[in-house]
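Visitor: Mind looking at a prediction? Sequence and model below.
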Number of protein chains: 2
Amino acid sequence: MSIESFYPPRRILMGPGPSDISHRVLQALSRPTVGHLDPLFIGMMDELKVLLQYAFQTKNAFTIAVSAPGSAGMEACFVNMVEPGDKVIICRNGVFGERMRENVVRCGGKPIVVDDEWGAPVSIDKVEQALKENPDAKILAFVHAETSTGALSDAQELGALAKRFGILTIVDAVTSLGGVPLLVDEWQLDAVYSGSQKCLSCVPGLSPLTFSPAAIEKIQSRSTPIQSWFLDQSLVLGYWSGDGKRSYHHTAPVNSLYALHEALILLQNEGLEMAWRRHQNMHDVLKLGLEMMGFKFVVDARYRLPQLNAVYFPQGIDEATIRRQLLDTYNLEIGAGLGELAGKAWRIGLMGYGAREENVALCLHALDTILHKE
Amino acid sequence: MSIESFYPPRRILMGPGPSDISHRVLQALSRPTVGHLDPLFIGMMDELKVLLQYAFQTKNAFTIAVSAPGSAGMEACFVNMVEPGDKVIICRNGVFGERMRENVVRCGGKPIVVDDEWGAPVSIDKVEQALKENPDAKILAFVHAETSTGALSDAQELGALAKRFGILTIVDAVTSLGGVPLLVDEWQLDAVYSGSQKCLSCVPGLSPLTFSPAAIEKIQSRSTPIQSWFLDQSLVLGYWSGDGKRSYHHTAPVNSLYALHEALILLQNEGLEMAWRRHQNMHDVLKLGLEMMGFKFVVDARYRLPQLNAVYFPQGIDEATIRRQLLDTYNLEIGAGLGELAGKAWRIGLMGYGAREENVALCLHALDTILHKE
């Protein structure tokens, strides 16, 4: 056996994530590892919390990064917030709503599913109806930006609706954070998780997470234990909390947290509003080009995410071969369809550092060239 | 708000982990991110599996890295292998045996605890007695190398004992893998997890994991669902398996896996036996120096881990201040005591890339200087 070092090429990442990453973030990633209880590292974590609060637009004291990918952030919300028997209204309009339902079942909760078409946003009316029919529901869970379809749901309306019925919300903001407006406090959202590798343009493997005081109260008033030790946020809090001595829970992924800190500094320096606008502007340029080539969007313009462009590809083409050509010839990655959209649509991401003119130009030119060769 | 980039100093990490990391591993970490379904990345993962099989000394087809720290690797073993009502014999001789017990409880299993003194290895006789008294036990779980005390238990004997009674084993090899002999197949161990940031000297955040065919059979014959979605290894297998199309489960921590690949190449190039010998040699030098300064080891020489040296510090000293001086003056981190050893002992790690002459020399000189100043 003699395996050699791996030298990946420089890809241009325009799939559904991981997204393109700035060299500044990759440099931060490779800085010397320090101990997870080193006073300098703890100082960095305090800053990281402030930077995450800015990104989430929240004052929640419990604002951290889970030491694992977005799916673990999702699970952290459900295992902490849902007790066996709890009724949870789940909005399902793509892959990740279904994953939420699975989480509820595995926690012993009772999911009440509100279905919408793939590509449509969550219907406020249907959710209101479900809330009326289930006055004993404890939680409303929905995906803000469905990565499988590119549809944006109205988190502000859904948050207000939940409050009107006096229940808590769990919100998947994996693809929305940093790409479109998300105002956790103003919209009264309770448990919101995201991923590092989408519009924050950090390496994959971390899940930003914030809990409102009401979410914390729900966790603290549980009558049953939390089924996960690793994701038990009452234990994690002892490590992330700013007051006094940090208690050891698990070894933090030190270098990945350096990278997240740097990625959030780039966001701070650009400013959230500017980042949202840049995503929208790049989407407008891409959309024009794609429509000129005859592509049709899966999602209606009113609910379309600028950072995730799901488009039906021309019928009769060998879509996997074309994606492979884009990769081999141009080092360009775009995403396949997922779930119901597999074999029907591509997902072209414009996320974070990936939402730049040069990427849009490359993508349009490469697609045009390959499709005309066919 | 204006937070600036974080530039950590170059620490010398001689605590209980994270350990010192080679510049080669840090460089690999910062290579350009590629997609988690990129064919080149999948090729690298196939190599990573072979490298992990070498480190674990196993032919187990299910040999992967969990996308989260060692505590998640532990939980992955318990949630997959333990069904509600299953009796699990837990050997507890430090912090991590207790964490195993907690995991069993949270899975709805019934822990039968076999206690040994902190600093002692697991008693084979007591375990045999527990196995006789609990013929319905399904699993024996123990820590090979207790990071909280520095005691090595006889995994070979414990593995043989479990097989004699026809039950499965779950083994914590977080601190042992790469530092002392661990022969998963020869010792007939079933579910073995480790951490990236100990003797493999990779960045923290990953947990190498291997399941024997018997462990897989136990998982596949479950009559109850696995309570965790993120750690459900039957789903993860679809992504890591070499046969044909990879199915998406969660976004792999791409860059951390580059680093693990490189760290394992360093191990492959050195050779496992040489790595074990180096840890022992460095321990011998450190031990001589520490004993000359009057330090007493917590663990009897027969059961002592070369890579984790728990020593009682002189009574009456302000131990936290001394550790802080080591950090501030020499950029040297050693570990505080944990659990029962908090305030009584230090833990000096010689793990992986940290087990080098220059580190031992620095540690001995720095300790001598500071203690004589007192």
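Guide: Structure's in. What do you need?
Visitor: from here on, contacts and neighbour counts on C-alpha atoms
Guide: Will do.
Visitor: how about the helices in the stretch 251-374 of chain A?
Guide: A:254-270, A:272-292, A:319-330, A:357-373 (DSSP state H, counting those that start in this stretch).
Visitor: wouldn't A:Gln156 be in contact with A:Trp187 here?
Guide: Yes. Judged on C-alpha atoms under 8 Å, A:Gln156 makes contact with A:Trp187 at a distance of 4.9 Å.
Visitor: Would you indicate which residues of the worst-scoring helix or strand of chain A on mean pLDDT are buried?
Guide: Every helix and strand of chain A was ranked by mean pLDDT, DSSP states H and E. The lowest is helix A:233-240, at a mean of 83. Neighbour counts over helix A:233-240 (16 or more other C-alpha atoms under 10 Å in any protein chain shown) mark A:233, A:236-240 as buried.
Visitor: now do stretch A:18-32
Guide: A:18-22, A:25-32.
Visitor: now stretch A:210-225
Guide: Neighbour-count burial for stretch A:210-225 [16+ other C-alpha under 10 Å]: A:210-212, A:214-216, A:218-219.
Visitor: Would you mind listing what in the stretch 101-250 of chain A touches chain B?
Guide: Within reach of chain B by C-alpha under 8 Å from any C-alpha of the partner chain, the stretch 101-250 of chain A has these residues: A:102-103, A:106-107, A:203-205, A:225-230, A:250.
Visitor: Enumerate every residue touching A:Leu260.
Guide: By C-alpha atoms under 8 Å, 6 or more residues apart in numbering or on different chains, the residues touching A:Leu260 are A:25, A:48, A:196, A:202-203.
Visitor: actually A:His249, not the one I typed
Guide: Per C-alpha under 8 Å, 6+ apart, neighbours of A:His249: A:235-236, A:238-239.
Visitor: Try it again at 7 Å.
Guide: Shown in contact with A:His249 (C-alpha atoms under 7 Å, 6 or more residues apart in numbering or on different chains): A:235-236, A:239.
Visitor: that older thread, among the buried residues of stretch A:210-225, name the ones in helices.
Guide: Cross-referencing the buried residues of stretch A:210-225 against helices under DSSP state H gives A:214-216, A:218-219.
Visitor: and which of these is nearest to B:Pro39?
Guide: In terms of C-alpha to C-alpha, no member of those lies closer to B:Pro39 than A:Ala215, at 41.3 Å.
Visitor: pretty sure that closest one contacts A:Leu189?
Guide: No. Taking contacts as C-alpha atoms under 7 Å, A:Ala215 lies outside contact range of A:Leu189: 9.3 Å.
Visitor: Determine which of the helices of the stretch 251-374 of chain A approaches B:Pro306 most closely.
Guide: Going by C-alpha to C-alpha, the one of the helices of the stretch 251-374 of chain A nearest B:Pro306 is helix A:254-270, 25.0 Å.
Visitor: Distance of A:Ile90 relative to B:Phe230?
Guide: Distance of A:Ile90 to B:Phe230, given as C-alpha to C-alpha, to the nearest Å: 18 Å.
Visitor: go on, A:His36?
Guide: Where B:Phe230 is concerned, A:His36 sits at a distance of 24 Å (C-alpha to C-alpha).
Visitor: quick one: which of the two has more around it?
Guide: Using other C-alpha atoms under 10 Å in any protein chain shown as the criterion, A:His36 and B:Phe230 rank with B:Phe230 on top: 25 against 21.
Visitor: Start and end of stretch A:217-236, how far apart?
Guide: 16 Å.
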